[in-house]
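> Output the structure for:
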Amino acid sequence: MAPEADDPGGPASLQQDRATVAVTDLFREHHLELVRLALVMVGDLATAEDVVQDAFERLHRRWPGLREPEHGLAYVRSSVLNGCRSVHRRSAVARKHAPQLAAVGADSGPEAANADRLELATALRALPGRQREVLVLRYYLDLDVAEIASTLRIAPSAVRSNCSRGLAALGRALGRDDR
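Take a look at the predicted model:
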């Protein structure tokens with residue numbers, strides 16, 4: 001007699017338990033880092049948390065089908081970046097079709113450091129998506145070129161060129177171009 005699908009001691013249940021433990025461990029170790037990554041990419045904490053939560057939910061659902069479970073972090077990191085891209089696409093469509101609202105001015109008295117961070121974040125968000133992703137992964141998460149290439153599924157040379165172009169564009173946007 002074959003075990004039933006809802007048998008608590010069956011192989012499917014054991015596989016689901018392993019997936020739950022593995023994803024829970026990844027979540028505990030990397031949740032904050034991934035929320036910070038998403039926050040830099042989307043600029044809103046609630047949206048960043050939603051993107052990361054969705055990424056971990058997808059990872060949990062797909063865990064049994066992963067060819068290399070040790071690459072779970074790379075999968076969820078890529079998933080977070082994809083989620084951030086989706087947020088940007090949705091907001092672009094919303095901006096295109098929404099009526100123009102009055103521009104909200106910047107806070108009148110922020111400290112110099114906060115003003116610098118705001119200026120940098122604004123300039124970073126103005127970069128093309130790939131350059132922004134490479135710079136955030138390189139300088140915010142401190143990943144090396146190979147890890148960035150793996151995460152974004154691009155060649156290491158593309159990582160280096162996007163990094164170089166992104167830094168140059170940031171320098172121009174911030175008025176700190178040394179050329």
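> Which helix in this structure has the most residues?
Longest helix in the chain by number of residues, with DSSP state H as the criterion: helix 11-42.
> Report the buried residues of the following helix or strand past it.
For helix 11-42, the following helix or strand on the C-terminal side (DSSP states H and E) is helix 45-62. Buried residues in helix 45-62, counting neighbours by 16 or more other Cβ atoms under 10 Å, are found at Thr47, Ala48, Asp50, Val51, Val52, Gln53, Ala55, Phe56, Leu59, His60. Every residue, glycine included, has its C-beta placed from N, CA and C.
> Quick check: the last one touching Arg18?
No: no contact is recorded between His60 and Arg18 when judged using Cβ atoms under 8 Å, the distance being 11.2 Å.
> What residues sit buried inside the lowest-mean-pLDDT helix or strand in the chain?
Lowest on mean pLDDT, DSSP states H and E among the helices and strands of the chain sits helix 112-126, with a mean of 81. The neighbour-count check on helix 112-126 (16+ other Cβ under 10 Å) flags Ala123, Leu124 as buried.
> and that helix, what other elements does it pack with?
Other helices and strands packing on helix 112-126, by 3 or more Cβ pairs under 8 Å, 6 or more residues apart in numbering; DSSP states H and E, are helix 129-135, helix 156-173.
> Just the C-alphas of it, formatted as PDB.
Provided in PDB are the C-alpha atoms of helix 112-126 (Å, rounded to 0.1, in the frame of the first residue of the first chain):
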ATOM      1  CA  ALA A 112      24.700  67.600   6.100                       C
ATOM      2  CA  ALA A 113      25.200  63.800   6.300                       C
ATOM      3  CA  ASN A 114      21.500  63.100   5.700                       C
ATOM      4  CA  ALA A 115      21.500  65.600   2.800                       C
ATOM      5  CA  ASP A 116      24.600  63.800   1.300                       C
ATOM      6  CA  ARG A 117      22.900  60.400   1.700                       C
ATOM      7  CA  LEU A 118      19.700  61.700   0.100                       C
ATOM      8  CA  GLU A 119      21.700  63.300  -2.800                       C
ATOM      9  CA  LEU A 120      23.600  60.000  -3.300                       C
ATOM     10  CA  ALA A 121      20.400  57.900  -3.100                       C
ATOM     11  CA  THR A 122      18.700  60.200  -5.700                       C
ATOM     12  CA  ALA A 123      21.700  60.000  -8.000                       C
ATOM     13  CA  LEU A 124      21.900  56.200  -7.600                       C
ATOM     14  CA  ARG A 125      18.200  55.800  -8.500                       C
ATOM     15  CA  ALA A 126      18.700  57.900 -11.600                       C
END
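> any idea of the angle it forms with helix 156-173?
Interaxial angle, helix 112-126 versus helix 156-173 (axes from the mean of the first three to the mean of the last three Cα atoms, to 10 degrees): 130 degrees.
> Leu170 is in contact with Leu127, correct?
Yes: applying Cβ under 8 Å as the test, Leu127 and Leu170 come out as touching, 7.0 Å apart.
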